[in-house]
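In: Provide a 3D model corresponding to the input given below.
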Amino acid sequence: MVPFAGWNMPVQYTGVIAEHVHTRTACSVFDVSHMGRLKLTGNDAESLLNRLCTRNLTDAEVGRSYYAHMCREDGGILDDLIVSRFESFWGVVCNAANRDKIVAWLEKHRSGTDVELKDETAATAMPAIQGPKTLDLAQDMMGEDLSTIKRYRFRTIELMGMPITLYRSGYTGEDGFEVVLPAGIATMLMPRLLGRPEKPHPDIKPAGLAARDTLRIEAGMPLYGHEISEDVDSLTAGQSWCVDLSKDFIGAEPMRRLQEQSLPRRLVGLELEGRRIARQHQEVWHGKEKVGTITSGTLSPTLSKSIAMASVGAESATEGTALEVDLGRTRVGAIVVKLPFYKRPK
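Out: Down below sits the predicted model:
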């Protein structure tokens, strides 16, 4: 257990590799209750979020979630979010370390509008259930057909007389659900998911933040403070798919100029020679020229390879380009590869 953003967080239970492999082959539960959960109501909630987020949320379908960025005026990313359209309100999930910043940003920009903001983080819990067996296990537990909930859609159902919301999303590259429920029933739900110490569930096991990190790197998913930050824009971070430059939002104009000029830097995947792990901020070289830095790296349990994501100059970003990573006392060869490193079987 380690302190993180005011929370006490589980890093690992039985071991990173075991938890990683179990998530890829069965079903794991991650406690991500530290992530911020905000509720916006009022007639201007949609227009406010549309002005602050990179995605186009106009006439958003009820029951749908959107991955989006919230940016500064210069395009720097304040946070990456999941924005969800409910019948009578909007939900926003943000990163724990950025919650105060995002709340302040929303408070600033909602001034003079018909928008009310409520921070429901402490009143709710959020387990994430991930892995190829998740759907079948969740359906058995809930007694409902959940297969009709498509990716980045959600449904609110009743469990133990209380409303819980199941989002078909996650941060591992696997199928699964992120579940938001009242904090008071979380301790009652956990034994139903995991079993008890004397009789643990045969397929569902807990997993910590360390395995969550190795899983998301394999899946090529960005982490705030690594691939994305206030020092990088959404396009340079390789997230242009979540940006709609045809609409106006805070940070759009600098990104439009970047798009016109072509990006000077790009986010790429690297496969390293050997089994040593590349760490954040280590230098990437192309011959005698430093061309970039590592953003994240790990030894992939699934692929049995040393993999990394890096921000490099556009001239060094072509797939198949041979580079080197300075690991401190030595440099090792690396090849630019397509992201993600891993895709779950269909």
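In: list of residues touching the helix or strand hosting Ala334?
Out: Per DSSP states H and E: Ala334 is located in strand 331-337. Around strand 331-337, the neighbours that count as contacts under CB atoms under 8 Å, 6 or more residues apart in numbering are 268-274, 276, 278, 284-285, 308, 312, 316-325. Just so you know, the C-beta spots here come from the backbone N, C-alpha and C atoms, and that holds for glycine as well.
In: buried among those? Make that a ChimeraX selection.
Out: The buried subset of the contacts of strand 331-337, as determined by 16 or more other CB atoms under 10 Å, is captured in ChimeraX by this line:
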select :268,269,270,271,272,278,284,285,308,312,316,317,321,323,324,325
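In: export stretch 116-126 to CSV, keeping only CA atoms.
Out: Extracted in CSV, the C-alpha atoms of stretch 116-126 (Å, rounded to 0.1, in the frame of the first residue of the first chain):
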residue,chain,number,x,y,z
GLU,A,116,-24.4,23.1,-10.8
LEU,A,117,-21.3,21.1,-10.0
LYS,A,118,-21.2,18.3,-7.3
ASP,A,119,-18.2,16.3,-6.4
GLU,A,120,-19.4,12.8,-5.6
THR,A,121,-15.9,11.2,-5.2
ALA,A,122,-16.1,10.5,-1.5
ALA,A,123,-19.8,9.4,-1.6
THR,A,124,-19.2,6.7,-4.2
ALA,A,125,-16.8,3.8,-4.9
MET,A,126,-15.4,2.6,-8.2
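In: run the chain-centre distance for that stretch.
Out: 19 Å (CA atoms, centre = their mean, to the nearest Å).
In: what does stretch 174-190 give?
Out: 18 Å.
In: tell me which residues are up against that stretch.
Out: Residues contacting stretch 174-190 (CB under 8 Å, 6+ apart): 23-24, 27, 29, 32-33, 37, 91, 93, 122-132, 134-135, 138, 146, 149, 159-160, 162-170, 215, 344.
In: in it, which residues are buried?
Out: Glu174, Asp175, Gly176, Phe177, Glu178, Val179, Val180, Leu181, Pro182, Ala186, Leu189, Met190.
In: dump those residues to a markdown table, plus distance to Trp105 and pLDDT.
Out: A markdown table is the format used below for the buried residues of stretch 174-190 (distance: CB to CB, whole Å; pLDDT from 0 to 100):
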| residue | distance to Trp105 | pLDDT |
| --- | --- | --- |
| Glu174 | 32 | 98 |
| Asp175 | 32 | 98 |
| Gly176 | 29 | 98 |
| Phe177 | 28 | 98 |
| Glu178 | 23 | 98 |
| Val179 | 27 | 97 |
| Val180 | 22 | 97 |
| Leu181 | 27 | 96 |
| Pro182 | 27 | 95 |
| Ala186 | 28 | 90 |
| Leu189 | 32 | 86 |
| Met190 | 33 | 87 |
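In: between all of those residues, which two are separated the most?
Out: Glu174 and Pro182 (26.1 Å; CB to CB).
In: what residues are up against Ala97?
Out: Ala97 neighbours (CB under 8 Å, 6+ apart): Phe4, Ala5, Tyr224, Gly225.
In: surely the first one meets Ala96?
Out: What it means is Phe4. Yes - if you go by CB atoms under 8 Å, Phe4 and Ala96 touch, sitting 6.8 Å apart.
In: give me the common contacts of these two.
Out: His34.
In: the more surrounded of these two?
Out: Ala96 (18 against 13; other CB atoms under 10 Å).
In: was I right about the more buried one contacting Asp31?
Out: No - taking contacts as CB under 8 Å, Ala96 lies outside contact range of Asp31: 11.8 Å.
In: contacts only, for Gln68.
Out: I think there's a mix-up here, since residue 68 is Ala and not Gln. Contacts of Ala68 by CB under 8 Å, 6+ apart are Cys53, Thr54, Arg55, Leu57, Asp80, Leu81, Ile82, Val83, Cys242.
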